[in-house]
Each structure stands twice: as C-alpha cells, then as structure tokens.
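Peer 1: sequence unavailable; structure follows:
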C-alpha cells in the first residue's frame, strides 16, 4: 500500500491494547484466502474496520472517503460511529468524515424515538384483542435494549401474531389507519398463501410501514416449523406487560434464516453484523451455546445457524467457541459445498456499494437469489412465480427513509 | 466538496462557468458527496434522451430530460445536503449576511426568496444560500453558507438580468417542474468568504407582490416559530435539541414579514435593518 501524506487518507493505526485474545485461529486464515492478501485492501474498508473494532484491535483506515460511502450504503454509518466512540477513537477521526458519523448517529436516535412512538400506536390499536404481540428484528432490539439497536435506521416495524388472530389484527390495524394500499390480486394471494407475513401495511397519515408476520419462515419453505413453539418461548419486554420478543435463541435463528436463506442482500453486512452483536451479547453466558444448538435442531434451522456462525466469525471475528461453531449437531455441509458457499457469501455480505463488487459479485448474488427461492418454495410454485416477476417486476416495496418527505 | 462525474459536455461547460470562482481539487480529497449525472443505460438513450442523478449509486428522484441536467445537479445537491448533513439543523430558507449578522428568509417556493437573496447579494450583502440555512449544532447559533449558484425561476430571470447585468448566468432551461430555470453565479466575495459563519439577527418572511410599495411589518414570534419549524428539513431529526436551538434563534432575532415588488426598494429597507438589542 503506498502511503500518502493527506490527512483524510492517512493510515491511522490506532494501537489500542488488545484486551481480548484475537478471536479464533480458524477465522483469520479463511479470511485471507477469501479476499486474498494481494486483493486491493481498499475494497473491503468497512468490513475490515468493523472486524478490527469488534476485536478491540488497531484500526487502520486507508481511505475515509470510501469508508464513509460504504458505511452509508450499508446502513452502518451510525453503528460505525458508535463503535468508534466506544473504542475511544472518534475524536481522532478527521473532522470531515467525523461530522457524517455524528450526523448519522443523530438520525439513528430520531429513528429510535419514532419506533418507540410507533410501537405505542400499534399497541393501542391492538389493545382490545389480548393476543400476544411479538416484536421482531429492529423493533425488538430497540425495545429490549439489545446491542444491534444502536445506530440502527428503520424502514418498517415487524411484529408477529398467532396465525389464528391474523384477521382480527389486520382489521384492528385498518381501523387505526394502516392499509396495504394498491396491491395486485396476484401479490395479495402470493403473500397470503405462501408467505410468513401478510402484505405490508402503511399508515395513511404517518406513512410508516408495518409487516405483520405469523411465523418466521415462509409457509411453503422446506424448513417448516411450528410457530406455536416461538410464541411459547417468547419473553416479555422489560417493563411492558403486553409486548414480547422472541427468546434469545429464536431471535438469532430468525435473523440467521432471514439473512442466509432468503436470497436478498441489500443489507447483508448490516445483518451479519447484527448476528455478530447478538452472538456476543447472549454468548457471554456459556450456558447459552448448548441451548442455541438444541433449538436449531428443534426448529430445523441447523444449516442457517451453521453459516451464520461461520461468517460472523470469519468476517467480523465473533467470539464463538470452536466446538459450537463446528458442532456435528449442525450437520455442516461437505467441504466442496462449503467452499462454494464461502465464495458466494463473501460477495453477499459486503456493502451494496460499487467499490465492493468484483467480477464474481453479480453471479454470486444471482445464485444466492435462486437458492433463496428454491429454499422458499417448491418448483411447481417457484417457476411460474419467477416468470411472472420477470415480466411484471417485483411487488412494490414500501418507501425508504421515513420521516423526510421530498423537500423540493 | 462534491465529486462529480458526467459525460454531458453541456453540463461540464455550464459548471465550469458557474463554479469558476470555487476551489477545484485535483487531488483525491474527501468529498461530501459522490455524484454522477449520465444518460441511463436504456433504449431511451437515443429517443428523448434523459439524464439520471446518482449519489453513490442511489437515485433519489427519477431521470429528467437531458436538457435539464444543470438544474437537476443543483436540486440533487440540495437533496444530498438536506438528507445527509444531519450534523446541522437545516431550514428551508435563503440566508444573507452583512457585518457578521445574518438575515434568514424562509418562504414557500415562489415567495421570491431566491430573487431577494440574489438581489441583495449584488448590493453589498453576502450570499450564504438561497435555499438551505445550515445552523451549527455546536453553538446552536452559527450559520454556515454554501455560496452555490442561485436558482432563478420564470420572471425573476429577467428581473435579475436587469438588476445585475454583469453577473454570470447559465442558459435558461424551459419546461422544468418549476417552469423556466436559470442559475446565477454568486458574487466573488460570497464565494471567497464561504467558510465564514454568521450569527442570526433577523428573520424575514418575504413575499413578492407586484404593484405595491415594499413593506416591512413585525411578525409575532410564536407564529414565526411555527412557520420556521414547518420550513425546516430536519427539525424533527433533532428532537428537543432542534426545538431549543430554533427557539433561541427566534428569540434572538427581530422578526418580520416583508412584501416587495421592486428590488431597489428592498435593498433600501434591508440596509436600514437594525439588529435587535
């Protein structure tokens, strides 16, 4: 790497005493083979920076300009800011990139306020029903005060209610102002017959989106699971009599299957970083790991957990005990398949930024997209569905970046 | 600092003229935004060609006719600042300065705030911005400028041609969503002093009203506060702190509404403004 004298480009080698043993012997060599010692080191600025920060090691930033762009695109700018502040490094960041880190942290605080407010509205709308409301993903992390909540930006709120309450919940939400808007009869059927959620609903006045789930994997998916088990294990949100979140193991398994089996990777790095933070948080208690392995077997989500642990360790240095990560109980893939998946997920778990793409990225994302769909539905449903999507385009997504209308 | 990549010759020429006084970086400096403006890769390329604004691969709004590339660049940059610069409290207001004191001029599109800011900037005031007032979160008072070209619409294009005949103006782009648009280069002094902050002294809600003498009237502060909050881009992002900063600024300023038809009269009235004690 040629050294430069420009301040924004300087290699700031923060040498903080490594108070933690470098995570795992296996993680480092794999990473080296996967994006090569000779690969341009600027390419994976963000992933490498997070890896170092998580291990409380030195962080060398070659190119602040690129780091900020990758982090913004990955939805990780505020999290990067928080991680740097925790490590006592934020003040040594050059002023220009620092103000974007700080500005994004302010935006993330606003999103957290909005999510708490919105959850109160949802609770009020569903107050009379008495059915349990389980918060999923970001809303769960925020309300339960878990590490992935910090610096998080939201596009919607995910909740889970029992399948038999769906009709009632949907009607109550409609009365309170949410609506699924213009949706084609095909999309409507697609969601209701095959998916693990009903069509996304948007609030008529606030424009906020809510996804109502009844389980965590699609109804057609190869891995079927009994949603009853998720509700039975759900835990209360501290200080709230109504709201629940999934149990810690289920929360991780949901995040893992959502990221690794569904074939969409726009926020791939953010999602694997969520998993890293959850593993580290719940795994601080050594009793947690056997529970997690048991639950993965019980819910038939072994493979997703295997990959989640493998890539969290490898890309982010997550502290997971060796015998857990390579447990035979997870029925790990053979070495040939694993080598292929390593190469595919290496591409998928990067920021969706042009600088992170290589010659293989497009193919890798396409293959994972197809794999996601094959896991999701049997071929007799899948083929007509994909053909239709190719002709008509994807179902409409809710609008991004809540809270800011078009200013001009 | 903005990093722009475009193959559109006409856009390059216009930017070279309008931004001639701005510093140009040849080295790879830290850029606030990485923007690309190019025809999208579609069949439409040859039939009614369009230009697409991308900031780091994200397309904040739909492609526009190729002819509108220049106003699109300016609107796109406004979008970038309004969405990404959350280290400021950002008001939708023009802002000008004299003697270190700033006049904040909020107003709906079409209220004449850009024309008024451009006119005053050519009569001894310094232009900070015709569209975005950036308030520092550090001290909650200092206002920072951008010194970017002023976006003139419809009749105001000819008004400014007559009022500041020597000023550099882009060619007029017709049939945009805002009608005809031309961009006016800020005076050299405004560009040279872009890094210099100003302290808020006046809040003036301008309104262009033809055929009447210019009139400056005091406006109640509570109403101003509400209007200012409505005219902010990221007021809600800053929560309680945003409220406190805005309230302090409204408190510290003399507040007016201002109707005018003639820029010369407007200049006379603005030059007599006294900061509130």
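Peer 2: Noted; the coordinates are in hand. Keep in mind that this is a model prediction, so the values were computed, not measured.

Peer 1: check which element follows whichever strand or helix holds residue B:190 along the chain.
Peer 2: Per DSSP states H and E, residue B:190 falls inside helix B:188-192. Note on helix B:188-192: by DSSP H and E, the next helix or strand toward the C-terminus is strand B:199-208.

Peer 1: sheet partners, orientation included, of that next one?
Peer 2: Within its sheet, and counting by DSSP bridges, strand B:199-208 is paired with strand B:101-106 (parallel), strand B:254-260 (parallel).

Peer 1: report the rounded mean pLDDT for it.
Peer 2: For strand B:199-208, the mean pLDDT works out to 96.

Peer 1: check stretch B:85-94 too.
Peer 2: 96.

Peer 1: longest helix anywhere in the chain?
Peer 2: No chain in the question, so chain A it is. helix A:95-125 (DSSP state H).

Peer 1: hmm, no, I was thinking of chain B.
Peer 2: Every helix in chain B considered (DSSP H), the longest is helix B:69-84.

Peer 1: now do that one against helix A:95-125, angle only.
Peer 2: Helix B:69-84 runs at 70 degrees relative to helix A:95-125, counting by axes from the mean of the first three to the mean of the last three C-alpha atoms, to 10 degrees.

Peer 1: give me the buried positions along helix B:69-84.
Peer 2: B:69-84 (16 or more other C-beta atoms under 10 Å in any protein chain shown). Using the backbone N, CA and C atoms, a C-beta is placed for each residue, glycine as well.

Peer 1: so what does that helix touch, helix or strand wise?
Peer 2: strand B:2-5, helix B:9-18, strand B:33-38, strand B:50-55, strand B:132-136, strand B:173-176, strand B:179-184 (3 or more C-beta pairs under 8 Å, 6 or more residues apart in numbering or on different chains; DSSP states H and E).

Peer 1: for the chain, which spans come out with low pLDDT?
Peer 2: No chain in the question, so chain A it is. Within chain A, the ranges that satisfy pLDDT under 70 run A:1-42, A:219-223, A:392-408.

Peer 1: that's the other chain; I wanted chain B
Peer 2: Ranges of chain B meeting pLDDT under 70: B:26-27, B:42-46, B:276-277.

Peer 1: who in it is up against chain A?
Peer 2: Chain B comes close to chain A at residues B:27-32, B:34, B:56-58, B:61, B:75, B:78-79, B:82-88, B:92, B:137, B:233-234, B:236-239, as judged by C-beta under 8 Å from any C-beta of the partner chain.

Peer 1: do that again at 6 Å, thanks
Peer 2: B:30, B:56, B:57, B:75, B:78, B:82, B:86, B:87, B:233, B:237 (C-beta under 6 Å from any C-beta of the partner chain).

Peer 1: now a PyMOL select for only the buried ones of those.
Peer 2: Of the residues of chain B next to chain A, the buried ones go into a single PyMOL selection, burial set by 16+ other C-beta under 10 Å:
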select buried, chain B and resi 30+56+75+78+82+86+87+233+237
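
Peer 1: what is the nearest of the residues of chain B next to chain A to residue A:225?
Peer 2: residue B:57 (36.7 Å; C-beta to C-beta).

Peer 1: tell me the domain ranges of chain B?
Peer 2: In the domain annotation for chain B, the residue ranges read B:1-84, B:88-277 (automatic domain parsing).

Peer 1: do you know how far the closest residue to residue A:261 other than its chain neighbours is from residue A:179?
Peer 2: Distances taken as C-beta to C-beta, 6 or more residues apart in numbering or on different chains put residue A:375 closest to residue A:261, at 5.0 Å, once the chain neighbours are dropped. According to C-beta to C-beta, to the nearest Å, residue A:375 and residue A:179 sit 31 Å apart.

Peer 1: for the residue nearest to residue B:12 when sequence neighbours are not counted, grab phi and psi.
Peer 2: For residue B:12, ignoring the flanking residues on the chain, the nearest one in space by C-beta to C-beta, 6+ apart is residue B:6 at 6.5 Å. Main-chain torsions, residue B:6, degrees, to the nearest 10: phi -150, psi 140.

Peer 1: any residues of the stretch 51-200 of chain A in contact with chain B? List them.
Peer 2: A:64, A:65, A:69, A:96, A:99, A:102, A:103, A:106, A:107, A:110.

Peer 1: what's around residue 134, how many residues?
Peer 2: Chain wasn't specified; assuming chain A. Neighbour count of residue A:134, defined by other C-beta atoms under 10 Å in any protein chain shown: 25.

Peer 1: to clarify, I was referring to chain B.
Peer 2: Residues near residue B:134, counting by other C-beta under 10 Å: 21.

Peer 1: ok, residue B:272 next?
Peer 2: 8.

Peer 1: tell me the SS of the closest residue to chain A within the stretch 151-277 of chain B?
Peer 2: Taking C-beta to the nearest C-beta as the measure, the stretch 151-277 of chain B has residue B:237 as its residue closest to chain A, at 4.6 Å. In three-state terms, and counting by DSSP: H, G, I helix; E, B strand; the rest coil, residue B:237 is helix.

Peer 1: my guess is it meets residue A:110, correct?
Peer 2: Yes: between residue B:237 and residue A:110 a contact is recorded at 4.6 Å, counting by C-beta atoms under 6 Å.

Peer 1: quick one on the thing from earlier: the longest helix of chain B to strand B:179-184, inter-axis angle?
Peer 2: Using the same axes, to 10 degrees: helix B:69-84 against strand B:179-184 is 80 degrees.

Peer 1: okay, angle between helix B:69-84 and strand B:50-55 too, please.
Peer 2: Going by the same axes, to 10 degrees, helix B:69-84 makes 30 degrees with strand B:50-55.

Peer 1: secondary structure element for residue A:369?
Peer 2: Counting by DSSP H and E, residue A:369 is part of helix A:361-376.

Peer 1: buried residues in whichever helix or strand comes after that helix, which are they?
Peer 2: Past helix A:361-376, further along toward the C-terminus, the next helix or strand under DSSP H and E is helix A:379-392. Buried positions in helix A:379-392, judged by neighbour count with 16+ other C-beta under 10 Å: A:382, A:385.

Peer 1: now stretch A:131-147
Peer 2: Here stretch A:131-147 shows A:131-144, A:146-147 as buried, counting by 16+ other C-beta under 10 Å.

Peer 1: looking at those residues, which is nearest chain B?
Peer 2: residue A:142 (15.6 Å).

Peer 1: these two touch, right, that closest one and residue A:151?
Peer 2: No: between residue A:142 and residue A:151 there is no contact under C-beta under 6 Å: 11.1 Å.

Peer 1: of all of the stretch 1-150 of chain A, which residue lies closest to chain B?
Peer 2: Counting by C-beta to the nearest C-beta, the stretch 1-150 of chain A gets nearest chain B through residue A:103, at 3.6 Å.

Peer 1: separation between the residue nearest the centre of chain A and residue B:128?
Peer 2: For chain A, the residue nearest the mean C-alpha position is residue A:271 (2.4 Å; C-alpha atoms, centre = their mean). Distance of residue A:271 to residue B:128, computed by C-beta to C-beta: 41 Å.

Peer 1: report how many residues lie close to residue B:21.
Peer 2: Residue B:21, neighbours per other C-beta under 10 Å, totals 16.

Peer 1: ok, and the closest non-adjacent residue to it?
Peer 2: Going by C-beta to C-beta, 6+ apart, residue B:21 has residue B:191 as its nearest residue, at 4.3 Å.

Peer 1: brilliant, that's me finished.
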